[in-house]
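> fold the following for me, if possible:
(one chain, ligands or ions: 2)
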Amino acid sequence: MNESQYSSAEKQDNSRYIAYRFYTETIEVSKMSALAFFEAGEKAYQGKRFYWQNPEKTFTLVGLGHAHVLTISNHQGRFEEVKRNWQSLCKQIVNEEPSVEPILFGGFSFDPLNKANTLWNKFPESYFAVPTFQLVIKSDRAYVSIHLITKEEDTFQAFESLRKERDKLIHAAQVSEPIAYKKPVVTGREELKKTSYLSSIEKVTSIIKAKQADKVVIARVLRLDFDKPLSHSSALYQVSKEQPESFLFGLEADEQFFFGATPERLVKVEDRQALSTCLAGSIPRGKTVEKDTELGNELLNDPKNRSEHQYVVNMISKVFAAHCSGQFVPKKPILMKVRDIQHLYTPVEGELKQGSNLIDLVRDLHPTPALGGEPKQSALSLIRQYEPMNRGFYAAPIGWIDAKGNGEFAVAIRSALMDGKKAYLYAGGGIVEDSTPESEYAETWVKFRPMLRALGGQLSDES
Ligand SMILES: C=C(O[C@H]1C=CC=C(C(=O)O)[C@@H]1O)C(=O)O
Ligand SMILES: [Mg+2]
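Ligands and ions are numbered 1, 2, ... in the order given. So this is what the prediction gives:
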């Protein structure tokens, strides 16, 4: 990404935004396919698009073009800066009561202090954008907004041409034929640094046994090669078919594309009600109802998985106690079943205290011990030391916040980075005292499955 194209938030103080005016205009349109709208922006906005849909499918969001970008490289204050910059920008919104709130979408990298070689060269360590064209589909109604953030006083011409462009995009999305996406053709598949991954589990397990940490999540990468570059809308389409009951997300940074279908919510805030998800502890689905129930019960009663899970519950409860009142945490986990895997699941709820907001929760929750470990700082430094890669945005917070402070962030797992004719798939697992490299390795295969099927990368003996 060419830095000079973007305003670096490091240089921005609040006063800087006073010169800006933030114009927004929304129209309601006939319901259309969100993916068709994303696809309609392929030529003009590739590299500057995003896609989001919640698991309930009650909220879909697509962004085309950048009305404003926040890239932050001050890793210590990155959450604060995003929060402050977004709040300042929202103060410049010209419209009194926009019918749809403008939205900031993006994410934070997993660990900006990890200096290992990175594949994520187009992704800044914090990367958020206000889209030029924003499609929101909620309660079965569709809205398209134009956002224009400018210092110019006279916006008449600029707005007129944006309206023309908006109408073209809507038309293209509404009249397009349903796209018959084909499965990509995989020409190669490689497990990167498999030996280092296996030995890092052994090493970390012995560190945990020596009581130097309680839990550490270790992950690995699988590379797929294709005969030609994949279209990003096709990648989203394929993965949505493989794991429909998840958050579906996609974020472009120039020619790189990060996407996935994750079952894990980091945190959602709606009218000051906060909701987080403890999701850790895994077992495959059974082929029959009986086998599936048996495996589910095994997971619910397995001490290793219950301990993996409990670290997450304790940590999220602590963060909620600091930011919320009236928090509710069920005493025992239940099962979350997605297509290939069952997880232990505990929802945590509370009401935001005065002075706390969504980004504060993201800052303090990330990474939960479902992705980092316990204690947090020791786990992060063990990951830096032993995990043979740079996670980039894998396992990191990705999501949106609107001008009223409502929004939702997911944990970007079950995901892949697409880069031309290559895709890098990520999966990991929680290492506790009684983990073994073989069973963790097997667990990552189950986690890779939906993405592998989506991209046509499974071998013939893998379902
Ligand atoms: C780290 C991943 O999953 C986390 C989320 C749910 C269950 C997990 C587990 O059982 O190990 C992991 O903590 C991943 O999918 O890459
Ligand atoms: Mg696990």
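> okay, now the domains of the protein?
Per automatic domain parsing, the domain ranges recorded for the chain read 3-175, 186-454.
> same list, the ones you listed, but as JSON lines with mean neighbour count and mean pLDDT please.
Any C-beta I mention is one placed from the backbone N, CA and C, and that applies to glycine too. Listed next are the domains of the chain as JSON lines, based on neighbours: other Cβ atoms under 10 Å; pLDDT from 0 to 100:
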{"stretch": "domain 3-175", "mean neighbour count": "18", "mean pLDDT": "90"}
{"stretch": "domain 186-454", "mean neighbour count": "20", "mean pLDDT": "97"}
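> mind checking the ones you listed for the one nearest to ligand 1?
Ligand 1 lies closest, by Cβ to the nearest ligand atom, to one member of the domains of the chain: domain 186-454, at 3.5 Å.
> quick one: is that closest one near ligand 1?
Yes: against ligand 1, domain 186-454 shows contacts by Cβ under 6 Å from any ligand atom at 217, 219, 264, 279-282, 308, 343, 370-371, 395, 413-414, 427-430, 447.
> helices of the stretch 151-300 of the chain, start to end?
156-175, 194-209, 232-242, 289-300 (DSSP state H, counting those that start in this stretch).
> those: which one's closest to residue 400?
Closest to residue 400 of these is helix 232-242 (Cβ to Cβ; 16.4 Å).
> neighbouring contacts of that closest one?
Defining contact as Cβ atoms under 8 Å, 6 or more residues apart in numbering, one finds that helix 232-242 is touched by 35, 38-39, 42, 46, 49, 51, 53, 179, 181-184, 248, 250, 252, 257, 259-261, 339, 416, 418, 423, 450-451, 453-455.
> restricted to strands, list the residues you listed.
The strands, defined by DSSP state E, take in 49, 51, 53, 248, 250, 252, 257, 259-261, 416, 418, 423 from those.
> chain center to stretch 372-388, what's the gap?
20 Å (Cα atoms, centre = their mean, to the nearest Å).
> could you do stretch 415-425 as well?
With Cα atoms, centre = their mean, you get 15 Å for stretch 415-425.
> could you export stretch 270-286 as CSV, CA atoms only?
The C-alpha trace of stretch 270-286 is given here as CSV (Å, rounded to 0.1, in the frame of the first residue of the first chain):
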residue,chain,number,x,y,z
GLU,A,270,-25.9,-2.6,20.7
ASP,A,271,-27.5,0.2,22.6
ARG,A,272,-24.8,-0.2,25.3
GLN,A,273,-25.5,-3.9,25.8
ALA,A,274,-22.3,-5.8,25.3
LEU,A,275,-22.0,-9.4,24.3
SER,A,276,-18.9,-11.6,24.0
THR,A,277,-18.3,-15.2,23.3
CYS,A,278,-16.0,-17.6,25.0
LEU,A,279,-15.2,-20.2,22.3
ALA,A,280,-12.4,-22.7,23.0
GLY,A,281,-12.2,-26.5,23.2
SER,A,282,-12.9,-28.5,20.1
ILE,A,283,-14.0,-32.0,18.8
PRO,A,284,-15.1,-33.0,15.3
ARG,A,285,-18.7,-33.6,14.3
GLY,A,286,-20.0,-37.2,14.3
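> 49 is where my numbering starts, stick with that
Sure, I'll start numbering at 49, so the last one becomes stretch 318-334.
> show me which residues of the stretch 49-198 of the chain sit near ligand 1.
The stretch 49-198 of the chain comes close to ligand 1 at no residue, as judged by Cβ under 6 Å from any ligand atom.
> tell me how far whatever residue of the stretch 49-198 of the chain ends up closest to ligand 2 lies from residue 435.
Residue nearest to ligand 2 within the stretch 49-198 of the chain: residue 158 (17.6 Å; Cβ to the ion). Going from residue 158 to residue 435 by Cβ to Cβ, to the nearest Å gives 10 Å.
> from residue 70, how far out is the residue lying farthest from the centre of the chain?
For the chain, the residue at maximal distance from the C-alpha centroid (Cα atoms, centre = their mean) is residue 202, at 37.1 Å. Look at residue 202 and residue 70: by Cβ to Cβ, they are 16 Å apart.
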